[in-house]
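Next come a sequence and a model predicted from it.
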Amino acid sequence: MSRRERHASQTTTKPKPVRSDDAALLFESALRDIANGRHADAEACCQLALAIDGGHAPTLNLLSILALQAGQYDAALQWVSRALRQDVQPQYFLTLATVLQVLGRSDEVIKVVDKASTLGLESPDLWMLRGNALVNLQQLTEAVSSFQRVLELNPQNWDAANQCGIVLQRLGRIDEALACLDLSDALRPNHVPTLLMRGALLTALKRLDEALLICRRANEIEPGNSDICVKTGIVLRTMCRDEEALKLFERALALQPGSRDALHNSAAVLTKLHRFDEAFEIYGRLKEFDPSDALAELGIAHLKLLSGDFDAGWRGREARWRVPHFYPRFQQPMWDGQEDVAGKTIVITADEGLGDTLQFVRYVPWVAALGARVILAVQESLMTLLSRTPGISQCIPVSEAAGLAAVDFHCPIMSLPFVFRTTVETIPAPVSYLPAPDPDRIRCWEDLLGAHDKMRVGLVWSGNPNHPDDHNRSIPLRMFSSLLAEEATFISLQKEPKAVDQATLQQVGHVLDLTSQLTDFADTAALISCLDLVITVDTSVAHLAGALGRPTWMLLSFTPDYRWLLEREDSVWYPTMRLFRQSGKRDWAEVVEQVRASLQQVITQREPLMIQELMSR
């Protein structure tokens, strides 16, 4: 071979020089392959790039993303960790946080995002991952802050607005939740789940006309959606438009036969309409579908109690323990009346509302009479009033009940009628069973009330706005206007009146409002003891007045709570209580007029006696 030929041969076999940007070019090629759906080719390009530059951070991050998409999570974690050792970029932290989120390592996701933030490397996507991780850890307040940070960085982020609204709703911050979901709706109009949640929030805020419009808008978008029919029906139920609601539940069932939500709501509406046989039939269907359906059992139990079948009703109500229910977690067994409690310590614990505690505390002396040492755990606002309940050794807040060590049994106070197998005929119903109010408190109220030259009438027109049946129980104060024209001294017992009722109070002027000085139920009990009559809707004050043996008139909806039974004008629980019921028209004005006429009659009969009393002084 000649020298020239040898030189030519050496020239053709010499390796091609590697350019410094070859790894970057291969990375760009990999991105194009991914854009065209050629993930295998993209991975091959990445491997070639790493063969040239093993520390090429963008390629390492891209391999992590490819591994994540392929479900190779351990490999994804290794690739992105290598990328971050080469360089710290927001997108690498984002990849790492995403991999950790998929692996369920939420606490580490938060640390990664916080580390990026301390380095000044933050992005909406990173904060979004942090918020979702906090939701997974049930740290909801912090999650809200993360979603709000996303919106600061990107006000157009629909996902953050939507998630923030959902979490705020879970926290009970309804107004804030609605504002977020309003933004979510503006960013992505006609998203049906967002519309339905906005409708639910507006319903909770009693902005029912707006809620109904939103639900109907959702129905226009998806007319075949059974869930929309149910949600719209719930709004109509809250507006007391039960017949219209029932039609929507029936439509929901036509679209989705067997829908549990539609069936449960149908049964509830049929109960309100006094179509009890049909309600029983639906609850029966629900039990056939799912024999463990505790809500159906509770529905049946309440119908039984409403009709006076207490034996089956109390027994059925124990199904409430199979649904989410706030109650302290005890290590000790629950007492059901079968075990001998003589010489044992039992804690009887409030487990539902204030009125329920006041109604069923009547059974506590019965437990003590069995020889038990009784500890009574109640809501804090009831402690002073109930601390002298006959038969108890101690009265404590509910929050301390589960921490008691030397206890043999616990029993929810609402289970006591079941424990004692109560029937209508065996209800313990003395005229008064609460400890007498403190004489010093009574004297203070007498001084504030002044001369007793007119009949004193206490008023409560509204219950707990969060009660699920509040729309059937509460009455606007303005509807009492004809009542207030009677010649009597009216005293408000209404704590925290709604804004519209507060305005009415200021307009009428002559209703004495001392509620700012009612610190607890012991104060309210002392004030009630100074009154001649309490007129109230179905609230805890009704139970308090009845339990004190004070004359009490209660206004009831057409289908009231089970404890008031049907049609009767008297209460089987409180001998001094008189019941005024709505007719099938479900018109509160009609009930208020009956109360006004009865009050006028009492005042007329009372005037000669008061004149005679004044003359004898």
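Yes, it's here.

now the residue positioned nearest the centre of the chain: how far from Pro468?
In the chain, the residue lying closest to the centroid (Cα atoms, centre = their mean) is Gly172, at 7.3 Å. Noted for Gly172: a distance of 15 Å to Pro468, by Cβ to Cβ, to the nearest Å. Any C-beta I mention is one placed from the backbone N, CA and C, and that applies to glycine too.

Could you do Ile346 as well?
According to Cβ to Cβ, Ile346 and Pro468 sit 31 Å apart.

Between these two, which is the more surrounded one?
Ile346 (23 against 9; other Cβ atoms under 10 Å).

OK, contacts around that one?
Ile346 sits next to Trp335, Val367, Ala372, Arg373, Val374, Ile375, Val407, Asp408, Phe409, His410, Cys411 when contact means Cβ atoms under 8 Å, 6 or more residues apart in numbering.

ok, of the residues you listed, which one's closest to Ser106?
His410 (34.9 Å; Cβ to Cβ).

Surely the closest one is in a strand?
Yes. Checked against DSSP: H, G, I helix; E, B strand; the rest coil, His410 lies within a strand.

re earlier: please report how far the residue nearest to the centre of the chain lies from Arg563.
Separation of Gly172 from Arg563 (Cβ to Cβ): 28 Å.

Domain map for this structure?
Split into domains by automatic domain parsing, the chain comes to 224-325, 345-426, 439-615.

does the residue nearest to the centre of the chain count as helix, strand or coil?
Of the three states, Gly172 takes coil under three-state DSSP.

show me what contacts the residue lying closest to Lys272 once chain neighbours are set aside?
Leaving out its chain neighbours, the residue that sits closest to Lys272 by Cβ to Cβ, 6 or more residues apart in numbering is Thr559, at 4.7 Å. By Cβ under 8 Å, 6+ apart, the contact list for Thr559 reads Thr271, Lys272, Leu273, His274, Leu306, Asn472.

Now do the contacts for the fifth one.
I take that to be Leu306. Contacts for Leu306 (Cβ under 8 Å, 6+ apart) come out as Thr271, Thr559, Tyr562, Leu565, Leu566.

Swap in 10 Å and give it another go.
By Cβ atoms under 10 Å, 6 or more residues apart in numbering, Leu306 lies in contact with Thr271, His274, Phe276, Gly313, Thr559, Pro560, Asp561, Tyr562, Arg563, Trp564, Leu565, Leu566.

quick one: the third one and Asp309 touch, right?
The reference is to Phe276. No. With contact taken as Cβ atoms under 10 Å, Phe276 and Asp309 are classed as non-touching, separated by 11.5 Å.

between these two, what contacts are shared?
Here Phe276 and Asp309 have Leu303 as joint contacts, going by Cβ under 10 Å, 6+ apart.

any low-confidence regions in the chain?
Residue ranges of the chain with pLDDT under 70: 1-20, 607-617.

hmm, 50 instead?
Low-confidence regions of the chain, defined by pLDDT under 50, span residues 1-20, 611, 614-617.

all strands for it, in order.
Secondary structure of the chain by DSSP state E: the strands cover 345-349, 373-378, 392-397, 409-412, 456-460, 489-492, 511-513, 533-537, 552-556, 577-581.

quick one: contacts for the closest residue to Arg217 other than its chain neighbours?
Counting by Cβ to Cβ, 6+ apart, Arg217 lies nearest to Leu195, which is 6.2 Å off, once chain neighbours are set aside. Contacts for Leu195 (Cβ under 10 Å, 6+ apart) come out as 181, 184-185, 189, 214-219, 221-222, 228, 231.

Distance of the closest residue to Leu68 other than its chain neighbours relative to Ser123?
Once flanking residues are discounted, Leu68 sits nearest to Ala76: 4.2 Å by Cβ to Cβ, 6+ apart. Between Ala76 and Ser123 the computed distance is 19 Å (Cβ to Cβ).

Which one's more surrounded, the two?
Ala76 (25 against 18).

OK, contacts around the more buried one?
If a contact means Cβ under 10 Å, 6+ apart, then Ala76 has 63-70, 95-96, 98-100, 102-103 as its contacts.

tell me, how many neighbours does the spatially closest residue to Pro435 that is not a sequence neighbour end up with?
Distances taken as Cβ to Cβ, 6+ apart put Arg388 closest to Pro435, at 4.0 Å, once the chain neighbours are dropped. Neighbour count for Arg388, taken as other Cβ under 10 Å: 13.

Surely Arg388 is in contact with Ala436?
Yes. Contact criterion Cβ under 10 Å: Arg388 and Ala436 qualify, at 8.7 Å.

so who does Asp87 touch?
Shown in contact with Asp87 (Cβ under 10 Å, 6+ apart): Gly55, His56, Ala57, Pro58, Leu60, Asn61.

try Gln78
Taking Cβ under 10 Å, 6+ apart, we find Gln78 in contact with Leu60, Leu63, Ser64, Ala67, Gln72, Val99.

Write a PyMOL command that selects only the buried members of the residues you listed.
Selection command for PyMOL covering only the buried members of the contacts of Gln78, criterion 16 or more other Cβ atoms under 10 Å:
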select buried, resi 60+63+64+67+99
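
For stretch 188-205, buried residues please.
Buried residues in stretch 188-205, defined by neighbour count with 16+ other Cβ under 10 Å: 191-192, 194-204.

What residues are recorded as beta-bridge partners of Val457?
Phe490, Leu533 (DSSP bridges).

Can you report how many residues lie near Leu96?
For Leu96, the neighbour count with other Cβ under 10 Å is 27.

Kindly report the same for Gly165.
By the criterion of other Cβ under 10 Å, Gly165 has 27 neighbours.

didn't it look like it was pressed against Phe147?
Yes. Assessed by Cβ under 10 Å, Gly165 is found in contact with Phe147 at 8.9 Å.

what sits in contact with each of those two?
In contact with both Gly165 and Phe147: Cys180, using Cβ under 10 Å, 6+ apart.

quick revisit: will you turn the contacts of Leu195 into CSV that also has distance to Thr515?
Listed next are the contacts of Leu195 as CSV, based on distance: Cβ to Cβ, whole Å:
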residue, distance to Thr515
Leu181, 34
Ser184, 39
Asp185, 39
Pro189, 45
Ile214, 35
Cys215, 36
Arg216, 39
Arg217, 41
Ala218, 41
Asn219, 43
Ile221, 46
Glu222, 47
Ile228, 42
Lys231, 36
